[in-house]
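> I'd like to go over a predicted model; first the sequence, then the structure.
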Amino acid sequence: MAIESNRRMAVVSTFEGGLKRKYNINPDDYYAKLSAQNSKCAIPSCKNTTRPDRALSVDHNHSTGAVRGLLCSNCNAALGLVDDKIEMLIDLIDYLNMHDGTSHGGFVASIYTGNQLN
């Protein structure tokens, strides 16, 4: 039991050290944000639940380094796959809208861009 406890403490210590090194935040900042998000992904429509033994990912602006929020691994990966490009996300929304069988077409994406889409 002591070995398991030591292993867990080492993992937590490594994780908390990485917060400062990678994102310039201290563990208190992380846990405050985690509490503010009710230990859930920052994406409101996300239904993924994070295992208690798995931390949420720190999402940050790759240009400025500013922390935006904590995301589940799926949402964090999705942003990474589109390289945080809003235009790519809008194109994906348009694609889904064109193929979902409804009549609203690209309406949702037009809200974000202010453009009138055909």
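On my side now, so go ahead.

> show the pLDDT at the residue sitting nearest the centre point of the chain.
Centroid check for the chain by Cα atoms, centre = their mean gives Leu71 as the closest residue, at 2.9 Å. Note on Leu71: pLDDT of 96.

> flag the shaky bits of the protein, pLDDT-wise.
Applying pLDDT under 70 to the chain flags the ranges 1-4, 8, 10-12, 50-53, 101-118.

> which residue ranges form the helices in it?
2-23, 27-36, 73-81, 86-98, 107-113 (DSSP state H).

> tabulate those (JSON lines), appending distance to Asn61.
Placement of C-beta: from N, CA and C, glycine included. JSON lines is the format used below for the helices of the chain (distance: least, Cβ to Cβ, whole Å):
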{"stretch": "helix 2-23", "distance to Asn61": "11"}
{"stretch": "helix 27-36", "distance to Asn61": "15"}
{"stretch": "helix 73-81", "distance to Asn61": "11"}
{"stretch": "helix 86-98", "distance to Asn61": "12"}
{"stretch": "helix 107-113", "distance to Asn61": "18"}
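
> any chance of those helices in a markdown table, with mean neighbour count and distance to Ser63 too?
Putting the helices of the chain into a markdown table (neighbours: other Cβ atoms under 10 Å; distance: least, Cβ to Cβ, whole Å) gives the following:
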| stretch | mean neighbour count | distance to Ser63 |
| --- | --- | --- |
| helix 2-23 | 11 | 14 |
| helix 27-36 | 14 | 20 |
| helix 73-81 | 15 | 14 |
| helix 86-98 | 14 | 13 |
| helix 107-113 | 15 | 20 |
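
> nearest to Val67, out of those helices?
helix 2-23 (5.6 Å; Cβ to Cβ).

> now do stretch 72-88: distance to the chain's middle.
Stretch 72-88 has its C-alpha centroid displaced from the chain centroid by 8 Å (Cα atoms, centre = their mean, to the nearest Å).

> what lies in contact with that stretch?
With Cβ atoms under 8 Å, 6 or more residues apart in numbering as the test, stretch 72-88 has contacts from 41-43, 46, 48-50, 54, 56-57, 59, 61-62, 71, 89, 92, 112.

> can you tell me which of the residues you listed are buried?
Neighbour counting with 16 or more other Cβ atoms under 10 Å marks 41-43, 50, 56-57, 59, 71 as buried within those.
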